[in-house]
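Undergrad: have a look at this prediction, sequence included:
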Amino acid sequence: MNQKQDFIAVFDSGVGGISVLRHLVRRMPHERFLYYGDSANAPYGTKTVEQVQKLSFAVAEKLMAQGIKALVVACNTATAAAVELLREKYPDMIIVGIEPAVKLAADRFPKGTVGIMATPLTIDSERLHKLEDRWKEQCDIIELPAPGLVELVEAGKAVCEESEALLAPMLAPYAGKLDAVVLGCTHYPFAAPVIQKLLGESTTLLDGGEGTALQTQRRLAEKDLLSQGAGEIVIQSSAQDPKILHLCRKLLAAN
């Protein structure tokens, strides 16, 4: 098969990367996408860096074996912990990670106040700290760890009374006080209605999904690997649970 027709692999710790897949499909509807959610090991954000690296390499090997032309690490935690190591191991593969949209927030709200919601591991990562250092002169940055939210999204409870009860104590003190909040975990966009409700309409929510899709498209174009085929989406999960695959399809179809 022509390499142009190979899969673009997309992986996350669970269902969260579907939020990135939606951007990828909108931008490149003619591509074949292979999505892999490691829901059996979710969440990654509460694990050690070494554990996340081991899991990320195991998933990458499974995906490489299926014939891919690019790997999109659609997980902020896995990107922070493992993307550079993956690039070292697979130097000839297009590997695109996702980053919190701190630059976008700083550009849109100079001298503003920006919150970064992320998993504990991402909050503590050197990768995020470097991003914050790069833009802290342009805006005030507040870290907002949100433990427990990934688990609710994985359970199909992104928007419900339970997620609102979890997030209210974390976010209520910042209602009306933030110009923007960067959703630094790919699971979080699915809880955006609840986050927006708690913070107020004056706060703009931003995530890195569109930027990741654009970078993937650019890298493929540079190597003349963009497809003009019929398009296809294959979804796989490490969890042996049909409900997870159903949830992925449901989230993919949501606006």
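TA: In hand now; what should we look at?
Undergrad: the closest residue to residue 67 other than its chain neighbours: what's it in contact with?
TA: Spatially, and ignoring its direct neighbours in sequence, residue 67 is nearest to residue 6 (5.2 Å; C-beta to C-beta, 6 or more residues apart in numbering). (C-beta placed from N, C-alpha, C; glycine too.) Taking C-beta atoms under 8 Å, 6 or more residues apart in numbering, we find residue 6 in contact with 32, 67, 68, 69.
Undergrad: cutoff 7 Å now
TA: By C-beta atoms under 7 Å, 6 or more residues apart in numbering, the residues touching residue 6 are 67, 68, 69.
Undergrad: state the distance from it to residue 59.
TA: Using C-beta to C-beta, to the nearest Å, residue 6 is found at 17 Å from residue 59.
Undergrad: ok, now residue 73?
TA: 9 Å.
Undergrad: between the two, what contacts are shared?
TA: residue 11.
Undergrad: neighbour count: those two, which is higher?
TA: The neighbour comparison of residue 73 against residue 59 (other C-beta atoms under 10 Å) goes to residue 73, with 29 against 26.
Undergrad: any idea of the pLDDT on the more buried one?
TA: pLDDT recorded at residue 73 is 98.
Undergrad: that one pairs with what?
TA: Beta bridges link residue 73 to residue 11, residue 97, judged by DSSP bridges.
Undergrad: show me where the stretch 51-200 of the chain has its helices.
TA: In the stretch 51-200 of the chain, the helices defined using DSSP state H, counting those that start in this stretch lie at 76-89, 102-108, 120-123, 126-135, 149-154, 161-171, 192-199.
Undergrad: which among those is found nearest to residue 250?
TA: helix 149-154 (11.9 Å; C-beta to C-beta).
Undergrad: contacting residues around that closest one?
TA: Against helix 149-154 from outside (C-beta under 7 Å, 6+ apart): 14-16, 39, 42-43, 45, 119, 158, 162-163, 166-167, 185, 187-188, 190-191.
Undergrad: likewise for stretch 85-100?
TA: 20, 53, 56, 60, 69-74, 76, 79, 83, 116, 118, 128, 131, 182, 184, 186, 208, 212, 215-216, 219-220, 223.
Undergrad: in this protein, which segments are predicted with low confidence?
TA: Counting by pLDDT under 70, the low-confidence segments of the chain come to 1, 255.
Undergrad: the strands in it, which residues?
TA: 7-12, 32-37, 68-73, 94-97, 113-118, 140-145, 180-183, 204-207, 232-237 (DSSP state E).
Undergrad: partner strands of the fifth one, with direction?
TA: In other words, strand 113-118. Strand 113-118 is paired, per DSSP bridges, with strand 140-145 (parallel), strand 180-183 (parallel).
Undergrad: mind listing what's buried in that strand?
TA: By neighbour count, with 16 or more other C-beta atoms under 10 Å as the criterion, the buried positions of strand 113-118 are 113, 114, 115, 116, 117, 118.
Undergrad: so which of those residues comes closest to residue 176?
TA: residue 113 (10.9 Å).
Undergrad: what's the distance between the closest one and residue 174?
TA: Taken as C-beta to C-beta, the span from residue 113 to residue 174 is 9 Å.
Undergrad: over to residue 11?
TA: Distance, residue 11 to residue 174, using C-beta to C-beta: 32 Å.
Undergrad: who's in contact with stretch 198-212?
TA: With C-beta under 7 Å, 6+ apart as the contact definition, stretch 198-212 has outside contacts at 19-20, 23, 72, 74, 96, 98-101, 104-105, 167-168, 171-172, 174-176, 178-183, 189, 192, 195-196.
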